[in-house]
Structure formats: C-alpha cells, structure tokens
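Colleague: coords below, sequence missing:
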Ligand code: PMP
C-alpha cells in the first residue's frame, strides 16, 4: 500500500500534553464483537427513543425549518435554556435562563471551565478517584491537582481543611453514581460539602450526568439547590446523554450569570454555539414532560443489568474481592487484593475475550493499582455472567506477590 498522506507539524506545548487515553486504547480493542466489554461508558442503545427523536426533528424542520437551520446565540436556544432553568427550579434551585449555558455535551463544560478558571499551576481539587474525562480536560490547562479522599460513601467533606482548599480554583465533584466508583453522597455529606465549600470560599463544580438514573435508595437533593441555601458557589453540569442519547451531544451548565458570560466568550471562540436544530428538537421532546414517562423504563433496564452483574460477582469472585453496590448509574467499582495489578489483569482478560477499565487512570495522584471499573449496561445477561466468570477465574489464578 502507498504511504498515507501524513506531513508533519510543529505542535504547541499544550498539544504535547495530549496523550492517548487508556480508555480510548481499550475501546479500540473492545470494538471487536467477540470481546465481552465491561469497559465502555456507553449508555444502553435499548433506551434510545429513536422514533420520538425522529418525530421531533421532523416537526421542527417542517414547522420552523429556516430558524432551525440558522446560526443561533452562543448561550443557547432560549426556550431550552428556560426549560432547563424550570427543571432545576423544580428541584429546588433558584435559577433563571440567564444562569444557563447550553453545551455541546457536558464534556464541553469541563473544557470551558478549564479554559476560564485554570492557570498553569492553579490548584484544582478532585475526588479520589475521579472522572478520567474531566482530568483530561482540566490537564490541558496545567493545574496542580489536589486529591480529596473518598470512601464507600463518596467524597469525605471533613477532609476539606482550610490548608487543602487554600487558593483552590474549584472542587470538582460527582454526587450521584460517580464515574468511576458508582458511589453516591448521602444527605449528611451533601450538607457538609456545601457548607465546607461555602465557608472556604471554594467554587464547587457539580457534574451530574447520571442523577436521573437512580434505581435504588432515596433520591437526594442536588448540590446546586443545597449550596444556594448554604451560600456556596455551585456550578452545575447536566447532560441529555444518559436520559436521551449521547449522539445528540447536548448538555448544559448552570452558574452565576457573571461566570456564564465568561464561559459564553470562551464557547464563542470554540464553536459559536451548539447545533440549533438539535437544541430545538430536544426542546420539542422534553417540553411536555416526555422524560417523566421515558425514564422509568431506562432505570428498570439499568437496575436489571446491575442486578445480573452483582449476582454474577457474588457467585464467581473470590471472597477477597470488594465492591460497591451502586444505587444508580452504570458502574461498579471493584477493589482486588492488594497484590493484583488490574492493568496486568486486563492483559490476561483481553486474551480470554473480556475487557474492563483499570482503576489507575482515574486517579489524579497516586493510583491504587488493584482497582477496576465494570460497566454493565450494554452487555446481555448471558455475556455478563460469562465475562464475570472468566474474571473470577483470572483473579483466583493471579500469582501471589
Ligand atoms: N461527566 C461524566 C461524569 C461523564 O461520565 C460523562 C460521560 N461519560 C460526561 C461528563 C460527558 O458527557 P456528555 O458530554 O455526553 O454530556
């Protein structure tokens, strides 16, 4: 074959910080249909309301086609901003449309926050472990990470001392069914967290793409609503990826109007605005309460998948393995005996046709190598059981230190 067209460029210092993510490399392997993949963070396509989305695009194009195909404001489509503000108000937050920025996926919010809040060397506080995609976004702006300890109950607010928070640009937290751990903060920790960040004058970024996917336990108030009562500065991000479909690339950020204005300037430079047609179609879908009817089926699907995996783990994993039981979302976090390196285990697992994500890349600081993340939503029950059985065998056979 001819050489591919690939002339060289001189990359910026920033571009040199970009490295291929462990997840992306693994996802390449898991594209093979023979692999039982617990690695991906993909929502189940069985939950995508394809006909409803098609009907909404049709309706928008036939009734408002010209404006749907035109450029729009960077802040987002007005009625969708208003819908998001009302939705958050129903959950107890005091916000109006001026507090809302529509994003091309909530991942864009992470990048924009990095752009406007992080200088090289700025202190940024993150959970231990935290969402890999956020660490990748922030890292391009060269922060100095400070890891906030967490346990089975999630982030430990009592560890937020003045010394730890001093000069921090923000704390990035995932209160519901965290990625990667699946852990959720209880009411007491939520209160303690917003009170601590208010007292320490530390902006709190609440990333909550999974909050609507609760299938067990008691619903908890969002940090934005709680934080406003406590005088905290909460920046909330939400997403339509897990409640509708990720291919729409639609999310939002709620914050003080002054920060929204700064983020609008940054977003303008990035992509002018999020696709008008998509915003109008999604507004068409959600405006009359579609999600209230749709989400119970998605939650039930995820609950069943989670139950199959937990059941298989109890059956096949040795007693020495620990895991957290999630109350919602897509992930189970597994802690192996200390001598097992999950990256080495992954190599063995892939050779046997099973994939997962090793825990190490989710740590901003010292990684715990004996951890891993299992995702259960896109795999059939039979394959979940088979994959977990193989993992159980490999863990039991792993050489002692
Ligand atoms: N935050 C978290 C915690 C996530 O898990 C994801 C998706 N995997 C995102 C943000 C980005 O979601 P999106 O851009 O699709 O809204």
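Modeller: Yes, it's here. Bear in mind that the values here come from a model prediction, so they are computed numbers and not experimental data.
Colleague: Only C-alpha atoms from now on, for both contacts and neighbour counts.
Modeller: Will do.
Colleague: Please name the nearest non-neighbouring residue to residue 132.
Modeller: Spatial nearest neighbour of residue 132, excluding adjacent residues (CA to CA, 6 or more residues apart in numbering): residue 362 at 5.0 Å.
Colleague: Any idea how many residues pack against residue 46?
Modeller: Using other CA atoms under 10 Å, residue 46 has 12 neighbouring residues.
Colleague: returning to what we had before: residues contacting the residue nearest to residue 132?
Modeller: Applying CA atoms under 8 Å, 6 or more residues apart in numbering, we find residue 362 in contact with 128, 129, 130, 131, 132, 135, 180.
Colleague: Counting neighbours, what do you get for the third one?
Modeller: This points to residue 130. Look at residue 130: counted by other CA under 10 Å, it has 25 neighbours.
Colleague: With the one 4 residues further on instead?
Modeller: Counted with other CA under 10 Å, residues neighbouring residue 134 total 19.
Colleague: which ones are touching the residue nearest to it when sequence neighbours are not counted?
Modeller: Distances taken as CA to CA, 6+ apart place residue 110 nearest to residue 134, at 6.1 Å, with adjacent residues excluded. With contact taken as CA under 8 Å, 6+ apart, residue 110 is in contact with 134, 137, 138.
Colleague: Just those residues: which are in strands?
Modeller: Among the contacts of residue 110, DSSP state E puts none in strands.
Colleague: for these, which one is nearest the ligand?
Modeller: residue 134 (6.9 Å; CA to the nearest ligand atom).
Colleague: what about the closest one, distance to residue 323?
Modeller: Here residue 134 is placed at a distance of 23 Å from residue 323 (CA to CA, to the nearest Å).
Colleague: tell me the phi and psi of residue 4?
Modeller: Per-residue torsions, residue 4: phi -70, psi 150 (degrees, to the nearest 10).
Colleague: What is the burial count for it?
Modeller: Neighbour count for residue 4, taken as other CA under 10 Å: 6.
Colleague: How about residue 32?
Modeller: For residue 32, the neighbour count with other CA under 10 Å is 11.
Colleague: switch to numbering from 189
Modeller: Shifting the count to begin at 189 puts that one at residue 220.
Colleague: any idea how far it is from the ligand?
Modeller: 21 Å (CA to the nearest ligand atom, to the nearest Å).
Colleague: who in the stretch 439-588 of the chain is up against the ligand?
Modeller: By CA under 6 Å from any ligand atom, the residues of the stretch 439-588 of the chain that approach the ligand are residue 439.
Colleague: all helices for the stretch 439-588 of the chain, in order.
Modeller: Assigned by DSSP state H, counting those that start in this stretch, the helices in the stretch 439-588 of the chain fall at 445-459, 464-474, 478-504, 530-539, 569-585.
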